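> Sequence first, predicted coordinates after that:
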Amino acid sequence: MSGKLLSIIEYPVATLMASSVPVNLDELDQFQGLIDDMIYTMFYHEGVGLAAPQVGQNVRIFILDQKPINGNKRTEPWVFINPVIEPVNDNRLVRPEGCLSFPGLLAEVGRPEWVKITAFDREGKEVTMDSSYNHLLSVALQHEYDHLEGTLLSDRARGRDRRKIKAWAAQQA
């Protein structure tokens, strides 16, 4: 696998909380190296996904590893560029989530149960995916999308977990 290891930015670095800018699809070639490096970095850290802001690039790109989501070991990670996400139904689900930018922490987060995403892949082809009946896919899509919006695990965590994250952040400072 090609790519180089990038540094993961950890909370509370301000760039994690900034909204990302759309990628100009006419300049997609300029982002292929970043995508390769993100894939390498995600696998190195054994993450399910990784968003560009987590490696210091505030552009609307995130990736997901298919293996933990659907068991497919031989398939390249999914690449989502300029994604748009929308809930499929009104049901909500609360599940524990982790984040490479909050190493070692888990927090209970409430999210829409299922979502539909429309984005472009690394070749610039539009793709649409419905996460219905795959909770891990649904959570991962929403979690990584949040990074593009500047919304973090600390913003979505509930009650005691939110206090736990604040205490953790104070220790990091």
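Here it is on my side, so go on.

> can we go C-alpha only for contacts and neighbour counts from here?
Noted.

> And the contacts of the helix or strand bottoming out on mean pLDDT in the chain?
Using mean pLDDT, DSSP states H and E, the weakest-scoring helix or strand in the chain turns out to be helix 66-70, at a mean of 79. With contact meaning CA atoms under 8 Å, 6 or more residues apart in numbering, helix 66-70 is reached by Val48, Asn72, Lys73, Thr75, Glu76, Pro77, Trp78, Asn134, Leu136, Leu137.

> what would those residues look like in a markdown table with distance to Glu27?
Shown next, in a markdown table, are these (distance: CA to CA, whole Å):
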| residue | distance to Glu27 |
| --- | --- |
| Val48 | 27 |
| Asn72 | 30 |
| Lys73 | 30 |
| Thr75 | 25 |
| Glu76 | 22 |
| Pro77 | 21 |
| Trp78 | 19 |
| Asn134 | 33 |
| Leu136 | 31 |
| Leu137 | 28 |
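
> Mind checking which of the residues you listed land in strands?
Members of the contacts of helix 66-70 lying in strands (criterion: DSSP state E): Trp78.

> Look up the residues forming beta bridges with Ala119.
Val127 (DSSP bridges).

> Can you report how many residues neighbour it?
By other CA atoms under 10 Å, 20 other residues sit near Ala119.

> what residues are up against it?
Phe80, Ile81, Asn82, Pro83, Val84, Glu126, Val127, Thr128.
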